[in-house]
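this is a predicted model, with the sequence first.
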Amino acid sequence: MAIRTIREIGDPVLNKISKEVKEVTPRIQDLIDDMFETMYEANGVGLAAPQVGILKRIVVIDTTGEDPILLINPRIVETSGEQTGNEGCLSVPGKTGIVTRPNYVKVVAQDEELNEFEIEGEELLARALCHEIEHLDGHLYVEKVEGELMDVELLDDED
Ligand code: NI
């Protein structure tokens, strides 16, 4: 496994549409392993393949540090409710902003064997699912921020 370089806002790869995964080759398996390692090393709760420069529809999420979730070709099939809160992104380092998301989402995705499964999430997991899946269509949360993007450091100073 290896840590991959996380692409940052301004890199055109982050605005491109990722391609469907049709086969999990050894190369894709390596990518998945590296994505988990890169996410944990950066203390993130989610990472999408375009963030490491690969335009494939693959997402990794872990909102607790103990629940690794791999999503291949994920799509949101149901949403409900609303939550408004701070969001950040490993591709927008040091920044945070307020984004409104559904409070509940249901996602259909495929696992490493490309078997389809469903996953439901509320609160932080729902937010992470929406955020990461949007990366696959070339969107960053900064497009949805209400008000100004803020420095994480300034927020910490207020505590
Ligand atoms: Ni992100």
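Perfect, I can see it now. Everything numeric here is computed off the predicted structure, so don't read it as measured data. Residues are numbered from 1 along each chain as shown.

can you map out the strands along the protein?
46-48, 58-61, 69-80, 83-87, 95-101, 104-110, 116-122, 146-151 (DSSP state E).

quick one: closest of the ones you listed to Val24.
strand 69-80 (7.3 Å; C-beta to C-beta). From N, CA and C alone the C-beta is placed, and that goes for glycine too.

tell me the angle of the closest one relative to strand 104-110?
Following axes from the mean of the first three to the mean of the last three C-alpha atoms, to 10 degrees, one obtains 140 degrees for the angle between strand 69-80 and strand 104-110.

and strand 69-80, what does it pack onto?
Judged by 3 or more C-beta pairs under 8 Å, 6 or more residues apart in numbering; DSSP states H and E, strand 69-80 is in contact with strand 58-61, strand 104-110, strand 116-122, helix 123-135.

at 6 Å what do you get?
Applying 3 or more C-beta pairs under 6 Å, 6 or more residues apart in numbering; DSSP states H and E, one finds that strand 69-80 contacts strand 58-61, strand 104-110.

one step back: make TSV from the strands of the chain and add mean pLDDT and distance to Asn15 to it.
Output for the strands of the chain, formatted as TSV (pLDDT from 0 to 100; distance: least, C-beta to C-beta, whole Å):
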stretch	mean pLDDT	distance to Asn15
strand 46-48	98	13
strand 58-61	98	17
strand 69-80	98	19
strand 83-87	97	18
strand 95-101	97	17
strand 104-110	98	22
strand 116-122	98	25
strand 146-151	94	17
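
among the helices and strands packed on strand 69-80, which is nearest Met150?
That would be, of those and by C-beta to C-beta, strand 58-61, which comes in at 23.6 Å.
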